[in-house]
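In: Compute the structure for the input listed below.
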Amino acid sequence: MSQSDETRVAPRTIGHWAPPSSLPADMLAPDLRFKEHLAEITDALVVTYTQQNGLHHLDRRPLPSRDVVADILADLFDVLFPGYGRRQSLHSRNIAYYVGDLLDGLLDKLSQQIRRALRHDHAPNAQPIDFEAVAQLKAVELLRRLPALRAVLEQDVDAAYEGDPSARSRHEIVFSYPGLEAVAVYRVAHELLLLDVPLIPRMMTEAAHSKTGIDIHPGAKIGPSFFIDHGTGVVIGETCDIGSHVKLYQGVTLGALSFPRDGAGNIIRGQKRHPTLEDDVVVYANATILGGKTVVGHHAAIGSSVWLTQSVEPYSLVSLEKPLLRIRGKAMPNWATNYQI
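Out: Predicted structure coming up:
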């Protein structure tokens, strides 16, 4: 008689998968004979690298490192919001030393990653440039802009505090709000884009996207006092133009309509494809606003779940008609009819 369920040893699990207990133990062990197929699989994969264009990065100069860019973002957060990040025991006597040390490291890391990005995007037949010198100049210029960025981010924090009655303090917003984190990363990435740094701005905003669920293209133009409440699922396209004191709720999409194409069917790039939101606009949850010619006038409010592809005047209120709700009640069970208090 086989062992009872109580005494049988549970099979080893990998993630949520466990090998069937009915299989013999020798079938669960790796069969060395199958390893001879690995050479065949390797050869088949290598052939695809030569046959398929654009799906590999072989025989080229190194790309910027995702890990280093993530480390740069962590350093920048510590500089922009000292005391909230990796080191919290800061005070007036050591802050200058700490920030100076961070900036020294940031200059080296930024210069290296910008140099890689510039060299990678440099056309083979273009005029040669001193990548090291140009990268250092761009890195220094970004660091030079950090005090002004802090002033804008302070307005973003104020907008969040004034726009969210659940916020207990500005400290809570800096320390825990994903919307502020996504906006802070965007503002740094946008400055790098203005400095004509390739690759790295998008790497930064996509890192924030994966962490916060908020997708802001670094090419968008966003004014001060910008607040994203809750934030999950917000998408802001490359050519969006957003004024000051604008507030978005979760699930908002500021996107494009169908892309214009040339005679050969290729997408025409460089045109305005995403909407403009003027000052003091509020867009509520799950609203979708599309098109480069769509302008939402100042002080307008766009209601939840609205699909908007045309411009609206200032002070407008755009909303869906109240939906018809159908609520079907359930019959009361017999025991409830006989129950008395």
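In: Please state the offset of the helix or strand hosting residue 76 from the chain centre?
Out: In this assignment (DSSP states H and E), residue 76 forms part of helix 66-80. Between the mean C-alpha location of helix 66-80 and the chain-wide mean there is a distance of 15 Å, by Cα atoms, centre = their mean, to the nearest Å.
In: do stretch 104-115 as well
Out: Here the centre of mass of C-alpha atoms in stretch 104-115, compared against the chain's by Cα atoms, centre = their mean, lies 22 Å away.
In: what's it in contact with?
Out: Taking Cβ atoms under 8 Å, 6 or more residues apart in numbering as the criterion, the residues outside stretch 104-115 that touch it are 64-65, 68-69, 71-72, 75-76, 79, 131-132, 134-136, 138-140, 142-143, 197, 200. Where C-beta positions appear, they are placed from N, C-alpha and C, glycine not excepted.
In: For the stretch 151-300 of the chain, which segments are assigned as strands?
Out: 215-216, 221-222, 227-228, 235-236, 241-242, 247-248, 253-255, 276-277, 282-283, 288-290, 295-296 (DSSP state E, counting those that start in this stretch).
In: So what's the residue count around residue 145?
Out: By other Cβ atoms under 10 Å, 16 other residues sit near residue 145.
In: residues in contact with it?
Out: By Cβ under 8 Å, 6+ apart, the residues touching residue 145 are residue 191.
In: Over to residue 290?
Out: Taking Cβ under 8 Å, 6+ apart as the criterion, residue 290 is in contact with 253, 255-257, 274-275, 307-309.
In: Widest-spaced pair of these?
Out: 274 and 307 (15.1 Å; Cβ to Cβ).
In: Okay, buried residues for the helix ranked longest in the chain please.
Out: Criterion DSSP state H: the longest helix present in the chain is helix 95-121. Going by neighbour count (16 or more other Cβ atoms under 10 Å), the buried part of helix 95-121 is 98-99, 102-103, 106, 109-120.
In: the helices in the stretch 101-250 of the chain, which residues?
Out: 131-144, 146-163, 170-176, 178-194, 200-212 (DSSP state H, counting those that start in this stretch).
In: Tell me which of these sits nearest to residue 289.
Out: The minimum distance between residue 289 and the helices of the stretch 101-250 of the chain falls on helix 178-194, with 18.1 Å, by Cβ to Cβ.
In: Let me have the contacts of residue 290 in a markdown table, adding distance to residue 291 as columns.
Out: A markdown table is the format used below for the contacts of residue 290 (distance: Cβ to Cβ, whole Å):
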| residue | distance to residue 291 |
| --- | --- |
| 253 | 12 |
| 255 | 8 |
| 256 | 7 |
| 257 | 5 |
| 274 | 8 |
| 275 | 6 |
| 307 | 11 |
| 308 | 9 |
| 309 | 5 |
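In: which among the residues you listed end up buried?
Out: Of the members of the contacts of residue 290, the ones counted as buried by neighbours, 16+ other Cβ under 10 Å, are 253, 255-256, 274-275, 308.
In: Let me know the closest of these to residue 295.
Out: Residue 295 has its nearest neighbour among the buried ones among the contacts of residue 290 in residue 275, at 7.0 Å by Cβ to Cβ.
In: domain assignment for this protein?
Out: With automatic domain parsing as the criterion, the domains of the chain are listed as 60-213, 220-261+270-322.
In: centre of the chain versus the last one, how much separation?
Out: Centre-to-centre, domain 220-261+270-322 and its host chain are 18 Å apart (Cα atoms, centre = their mean).
In: Check stretch 100-115 too.
Out: Relative to the centre of its chain, stretch 100-115 is centred 23 Å away, using Cα atoms, centre = their mean.
In: Dump that stretch to PDB, restricted to CA.
Out: Output in PDB follows, covering the C-alpha atoms of stretch 100-115 (Å, rounded to 0.1, in the frame of the first residue of the first chain):
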ATOM      1  CA  GLY A 100      29.100  68.100  -3.400                       C
ATOM      2  CA  ASP A 101      30.200  64.400  -3.300                       C
ATOM      3  CA  LEU A 102      27.000  63.400  -5.100                       C
ATOM      4  CA  LEU A 103      27.500  66.000  -7.800                       C
ATOM      5  CA  ASP A 104      31.100  64.900  -8.300                       C
ATOM      6  CA  GLY A 105      30.000  61.300  -8.900                       C
ATOM      7  CA  LEU A 106      27.100  62.400 -11.000                       C
ATOM      8  CA  LEU A 107      29.400  64.400 -13.300                       C
ATOM      9  CA  ASP A 108      31.500  61.200 -14.000                       C
ATOM     10  CA  LYS A 109      28.500  58.900 -14.400                       C
ATOM     11  CA  LEU A 110      26.500  61.400 -16.600                       C
ATOM     12  CA  SER A 111      29.500  62.100 -18.700                       C
ATOM     13  CA  GLN A 112      30.200  58.500 -19.400                       C
ATOM     14  CA  GLN A 113      26.600  57.600 -20.200                       C
ATOM     15  CA  ILE A 114      26.000  60.700 -22.400                       C
ATOM     16  CA  ARG A 115      29.300  59.900 -24.200                       C
END
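In: The residue lying closest to residue 180 once chain neighbours are set aside and residue 221, how far apart?
Out: Setting aside the residues directly before and after it, residue 180 is nearest to residue 173 in space (Cβ to Cβ, 6 or more residues apart in numbering), at 5.7 Å. As defined by Cβ to Cβ, to the nearest Å, residue 173 lies at a distance of 23 Å from residue 221.
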